[in-house]
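S.K.: This is a predicted model, with the sequence first.
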Amino acid sequence: MTINVEPEHFSGFGKLALSSGIKATASLSRDGIILIEKNGLVIVHANPAAEAIFAHGVSTLRAGTEVKQFLAFLAKNAEFSNGDAKGAVRETLEYVSGKKGKADLTDFALGKRKFTWRRHDGPDGAVALVVRDIGKAEELARSLADHKTFIQHMIEVLPTPVYLKNLDGVINRCNAAFAELIGSSPDQVIGKNLAEVADRSLVDMITSKEKTLSDTFDNARDEISFAVGDIVRTVMFAAARLKGPSGAIVGTIGSLVDITSLKNAQAEIAAATERLTGLLEHAPVGVAISNRADGKFSFYNQTFARLVKLGEDDENTDAVLLSDRYRAQSLSDMDMLGELSDVELRIRRPSMSEAIWVKTNIEPMDFEGEPSVLWWISDITKEKQAARELQNKANNDELTGLANRARFLQKMTQSELVLRGTVAPAALFIVDLDRLRELNNKQGHSAGDAVLIETAKRLKRAARRAEEISRLGGDQFGLLFINKGDENYMIETANAILKEMEHPISLEIGAEATVTCSLGVVVFDAGLSDMNEQLRRADKAMRAAKEAGSGQYRLYARDIEPDLDQD
């Protein structure tokens, strides 16, 4: 297997520059992928799956990091199947550098999880390490076993005699029609060589026709005659090579149709096809088949058309799901992995009032003699919306819709980290409503809630340039300004807030209340200050304003805390 990377250039320190398309495609893989520049032995890129596998050593996967650092992390933290961690990573380094040509590397375990990994060649001296979770591989094997059972059930309903043989000539699948044709039963045929269960004349005929199959001619079809006991039958024989996801030949699939009953068989096939098409048309999952070359849909059911809003006048290609930017690489990855599963796509077409989210599986197939792609899509918009609502509830105040205290403190921390060392001007406001408790006691908490909701609206109007506006809790609000103005501007903003709060607030029909507020303001250099300390100062200034009387602001200054030893 070769990892197809678009080489652009190597920078001065030997790092391969990857396109965003390559990185996006790598992120779809369920296996960990680590791309390495072989000549410089530095890591170029690690996909999210690799970062998740090596979460405790993710710093060693950063672009530009020497491979030795990552291998040193493995030697220290992983348990290798050969018991020699240092020897295993030393050999791995030799394989990556090209001193040895081995592809399969020594298995290892991190905690309770076991992994296999392989070395693959990439372009322009690049090397790829592909790490696979053995547990996931076992899950895939179980899925494959289920798939084989499904194939058996599928061919069983066909009226046409069908068999599947492996490379050793053993029949590993067949339907009742085939077993009946050769005078036997499926239990007596499956697992046996054809020569053990069929008449010699039929074995010779099938063997002869299958010999014509090759890499060039992978289909054979001819009319043959054979005897079953004293009865001579003439059938139309057809066979094709079976290929695995990698393209390797794994066996043969063949069918035999009794020509004397061909019309009846055609009618039965048509009825079965109609039933299958009817089932697909009304399936709750979207199903479609697109041409591999040009992306045009050869088939799609009603659910698929409804989800992606396909119309009769549309071009109707798989571009409604995958843009040209990602299509080629996605199909290449599909070929490499056998399928792409559980890919989440956001779709917004001109005919849609709003975007939808779908979960998509794609796999290669042949349809009507053309290389095609099978699509399965399901609508996960509601699940996405529910997840977003949960996130909003975790970060937003349910009553006012403003950020809650946790989100406000997180924003402060992020700003401090981003602006550290700069001289960007910043300010923090603490707004505390005056005598809201009295209003609650007199007119009920619904009146208090109305005041809080209206206060949030007025703060948005008066402080529209604020980086974040939050309800910190109860009747207290916080405002954060980053690089929005100097001390004079903050004083103007404080006065604007006080003026907004002078207007009466409608509570119920004919009822009003006027609620003032007290403001504490602190202005500082964002990159040179502790945000938590500045929040404390803003709170101190607010309390000083409240002590001076309602409806006032106070700018923090040292005289507010004369006894505090300040630097």
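M.R.: Perfect, I can see it now.
S.K.: Break down the stretch 151-300 of the chain into its strands, ranges please.
M.R.: According to DSSP state E, counting those that start in this stretch, the stretch 151-300 of the chain carries its strands in the segments 162-166, 171-174, 219-228, 231-243, 249-258, 286-291, 297-300.
S.K.: Just put these in CSV and tack on mean pLDDT and mean neighbour count.
M.R.: Just so you know, the C-beta spots here come from the backbone N, C-alpha and C atoms, and that holds for glycine as well. Output for these, formatted as CSV (pLDDT from 0 to 100; neighbours: other CB atoms under 10 Å):
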stretch, mean pLDDT, mean neighbour count
strand 162-166, 88, 21
strand 171-174, 86, 22
strand 219-228, 78, 14
strand 231-243, 81, 16
strand 249-258, 82, 19
strand 286-291, 86, 21
strand 297-300, 83, 18
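S.K.: between those, which one is nearest to E389?
M.R.: When the strands of the stretch 151-300 of the chain are compared for distance to E389 using CB to CB, the nearest one is strand 286-291, at 24.9 Å.
S.K.: Name the residues that touch that closest one?
M.R.: Residues from elsewhere that reach strand 286-291, judged by CB atoms under 8 Å, 6 or more residues apart in numbering: 280, 296-301, 303-304, 306-308, 317-318, 358, 365, 367, 370-378.
S.K.: can you do 10 Å?
M.R.: With contact meaning CB atoms under 10 Å, 6 or more residues apart in numbering, strand 286-291 is reached by 279-281, 296-308, 310, 316-322, 358, 360, 362, 365, 367-368, 370-379.
S.K.: Can you select the buried ones from the residues you listed in PyMOL?
M.R.: Remark: buried members of the contacts of strand 286-291, expressed as a PyMOL selection using 16 or more other CB atoms under 10 Å:
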select buried, resi 280+297+299+300+301+303+304+305+307+308+310+316+318+320+321+322+358+360+362+372+373+374+375+376+377+379
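S.K.: surely N193 meets V203?
M.R.: Yes - the criterion here is CB atoms under 10 Å, and N193 meets it with V203 at 9.0 Å.
S.K.: now the strands of the stretch 151-300 of the chain in CSV, with distance to A72?
M.R.: As requested, the strands of the stretch 151-300 of the chain are arranged in CSV below (distance: least, CB to CB, whole Å):
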stretch, distance to A72
strand 162-166, 45
strand 171-174, 47
strand 219-228, 54
strand 231-243, 42
strand 249-258, 41
strand 286-291, 47
strand 297-300, 51
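S.K.: how about the ones you listed, which one is nearest I491?
M.R.: When the strands of the stretch 151-300 of the chain are ranked by proximity to I491, the top entry is strand 286-291, at 59.0 Å, counting by CB to CB.
S.K.: Can you give me the neighbour number for A49?
M.R.: 21 (other CB atoms under 10 Å).
S.K.: For it, which non-adjacent residue is spatially closest?
M.R.: Nearest residue to A49, sequence neighbours excluded (CB to CB, 6 or more residues apart in numbering): G32, at 4.6 Å.
S.K.: so what's that neighbour up against?
M.R.: When the contact criterion is CB under 10 Å, 6+ apart, the partners of G32 are 26, 46-54, 61, 115, 117, 129-133.
S.K.: Tell me the buried residues in the helix or strand where V521 lies?
M.R.: Assessed by DSSP states H and E, V521 sits inside strand 517-525. For strand 517-525, burial by neighbour count (16+ other CB under 10 Å) applies to 517-524.
S.K.: okay, and the common contacts of N193 and V203?
M.R.: G169.
S.K.: More neighbours: the two, which one.
M.R.: In this view N193 and V203 are compared by other CB under 10 Å, and V203 has more residues nearby, 18 against 13.
S.K.: what about that one, distance to L436?
M.R.: Counting by CB to CB, to the nearest Å, the gap between V203 and L436 amounts to 93 Å.
S.K.: likewise K359?
M.R.: Using CB to CB, K359 is found at 47 Å from L436.
S.K.: repeat for A305
M.R.: Between A305 and L436 the computed distance is 55 Å (CB to CB).
S.K.: K540 now?
M.R.: K540 is 21 Å from L436, where distance means CB to CB.
S.K.: Quick check, pLDDT for the nearest residue to T422 once chain neighbours are set aside.
M.R.: With CB to CB, 6+ apart as the criterion, T422 has its nearest non-adjacent residue at 3.5 Å, and that residue is G527. As predicted, G527 sits at a pLDDT of 86.
S.K.: Check the secondary structure at G527 for me.
M.R.: Three-state assignment for G527 (DSSP: H, G, I helix; E, B strand; the rest coil): helix.
S.K.: Tell me who's in contact with the closest residue to A288 other than its chain neighbours.
M.R.: In this structure, A288 finds its nearest non-sequential neighbour in Y300, 3.7 Å apart by CB to CB, 6+ apart. By CB under 10 Å, 6+ apart, the contact set of Y300 is 280-281, 286-290, 307-308, 310, 316, 318, 375, 377.
S.K.: Make JSON lines out of those residues and add distance to G551.
M.R.: As requested, those are arranged in JSON lines below (distance: CB to CB, whole Å):
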{"residue": "L280", "distance to G551": "70"}
{"residue": "E281", "distance to G551": "69"}
{"residue": "G286", "distance to G551": "60"}
{"residue": "V287", "distance to G551": "66"}
{"residue": "A288", "distance to G551": "65"}
{"residue": "I289", "distance to G551": "70"}
{"residue": "S290", "distance to G551": "67"}
{"residue": "L307", "distance to G551": "56"}
{"residue": "V308", "distance to G551": "57"}
{"residue": "L310", "distance to G551": "61"}
{"residue": "N316", "distance to G551": "65"}
{"residue": "D318", "distance to G551": "63"}
{"residue": "W375", "distance to G551": "64"}
{"residue": "I377", "distance to G551": "58"}
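S.K.: nearest to T207, of these?
M.R.: In terms of CB to CB, no member of the contacts of Y300 lies closer to T207 than I289, at 33.9 Å.
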